[in-house]
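Enquirer: below is the structure, and that's it, no one-letter string:
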DNA sequence: ATAGATATTCTTGTATACAAGATTGTTGAC
DNA sequence: GTCAACAATCTTGTATACAAGAATATCTAT
């Protein structure tokens, strides 16, 4: 596998943002980062520009790049769009999904159930991700699949925290079963609605989480 | 306005692709392009990487960047997603749009009608673009608006050609009126369906166009 | 003459050097 | 003491230099 160091640095910078070492508004100093990663400014710049296109950082000409953590409003907007992406995938998948993919979805859900029984959120998260990617793929629209994956990835850190909310895993599991049922029946509208709700509720949960955090912080 | 030359080069490269000077599969030679634009390789590289994130070119490590013109299948996929974006904007806008925006939509449509009467596709195209951007904006979801604009822009060259098809402008006009009516009534489902159809038909028209071109070429 | 191995050239990826605008600190006037 | 103007410094943006892998041409053996 040939990888450009710029790409590696991009993912490492992502991690720094996710772990909170770099937080909202921080300036990304090319020289400091270059020293830190033991490379020159060039790949660091390329990495920063790549992150800028994903929205993780914003660039101001001649001033630099700054970490951009979405606030509550922007996050809700993103979850709203994610819900629509998934709904669309679901509607198309209901018409186009293969038996093999349906079987795979069932298998994934069984592993989700096992993770739930074992009270293992990390494992649940992993299988949950596989579940959604399978649905994107089953939409039969490669472009849609890519776009959905992109946003899914962007929302990853925000989706992850709320799996630890009491009762969320169980509820999520039930929604998964319902989604597969709709897909199996080929009911496009129901599949779309189920997926929209499944994702939208994540946005709402996150909103509550944020509100609580703020209340505590005061 | 401070603009980085890399950004200017990115848009110039886009133009080269749109005009056909650079076509599918062509390799983007950094040195040649640098000479052509009278700059060094650095800003050219940055421009190429920016285009890579939009999908206009694909990059292969250590091999270079190649122009990627979507084929018929990929184009249909993109129009399908665009249709969903617009449908979502419409559904949300039906609930959130302001009276001022509604009035503006009517005004834009009147100008569209004038362009139609004058048989001026370029003017129609301009106002049509404004029409759609107004709806994105009226969705009340800034993130959705940005994503919709992005894809809209990407599809621009393909959407433009088919306005010249006989009768398309008139049909499009009628659809516009229907969309505004649905928005005015606050009928979310109808607005969504109308917009989905309005965009999806563009994809279909384009498909026919492609098929005809191929038939002629033989 | 053709196929394979090797050498050469070319292109990308990275490091360094230079240019220009932005930020910050200092000095001086009021 | 405060504000403004200017200077020094710092950071980004661009150009150039170097390193390494890929493509191509050449040479040899059969």
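Expert: It's in. None of these values were measured; they are calculated from a predicted model.
Enquirer: quick one: the helices in chain A?
Expert: Assigned by DSSP state H, chain A shows helices spanning A:5-18, A:30-37, A:41-54, A:72-96, A:99-117, A:121-138, A:142-161, A:168-185, A:188-217.
Enquirer: which elements pack onto the fourth one?
Expert: If you count contacts as 3 or more CB pairs under 8 Å, 6 or more residues apart in numbering or on different chains; DSSP states H and E, helix A:72-96 packs onto helix A:121-138, helix A:142-161, helix A:168-185, helix A:188-217, helix B:72-96, helix B:142-161. For glycine as for every other residue, the C-beta is placed from the backbone atoms N, C-alpha and C.
Enquirer: any buried residues in the fourth one, and which?
Expert: Read it as helix A:188-217. The neighbour-count check on helix A:188-217 (16 or more other CB atoms under 10 Å in any protein chain shown) flags A:188, A:190-203, A:205-207, A:209 as buried.
Enquirer: just to revisit the earlier point, turn the helices and strands packed on helix A:72-96 into a markdown table, including distance to DNA strand C and mean pLDDT.
Expert: What follows is the helices and strands packed on helix A:72-96, written out as a markdown table (distance: least, CB to the nearest atom of the strand, whole Å; pLDDT from 0 to 100):
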| stretch | distance to DNA strand C | mean pLDDT |
| --- | --- | --- |
| helix A:121-138 | 27 | 96 |
| helix A:142-161 | 21 | 93 |
| helix A:168-185 | 40 | 95 |
| helix A:188-217 | 27 | 82 |
| helix B:72-96 | 24 | 96 |
| helix B:142-161 | 23 | 93 |
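Enquirer: out of the helices of chain A, which is closest to residue B:51?
Expert: Smallest distance to residue B:51 across the helices of chain A (CB to CB): 10.4 Å, for helix A:41-54.
Enquirer: quick one: that closest one to helix A:30-37, angle?
Expert: Interaxial angle of helix A:41-54 relative to helix A:30-37 (axes from the mean of the first three to the mean of the last three CA atoms, to 10 degrees): 110 degrees.
Enquirer: got the phi and psi for the residue lying farthest from the centre of chain A?
Expert: Outermost residue of chain A with respect to the C-alpha centroid, by CA atoms, centre = their mean, is residue A:62; its distance is 31.5 Å. For residue A:62, the backbone dihedrals are phi 60, psi 10 (criterion: degrees, to the nearest 10).
Enquirer: please apply the same query to residue A:69.
Expert: phi -90, psi 120.
Enquirer: report the contact partners of the residue lying closest to it once chain neighbours are set aside.
Expert: Sequence neighbours aside, residue A:24 is the residue nearest to residue A:69 in space, at 3.7 Å (criterion: CB to CB, 6 or more residues apart in numbering or on different chains). Counting by CB atoms under 8 Å, 6 or more residues apart in numbering or on different chains, residue A:24 makes contact with A:67, A:68, A:69.
Enquirer: show me the contacts for residue A:179.
Expert: A:90, A:135, A:191, A:194, A:195, A:198.
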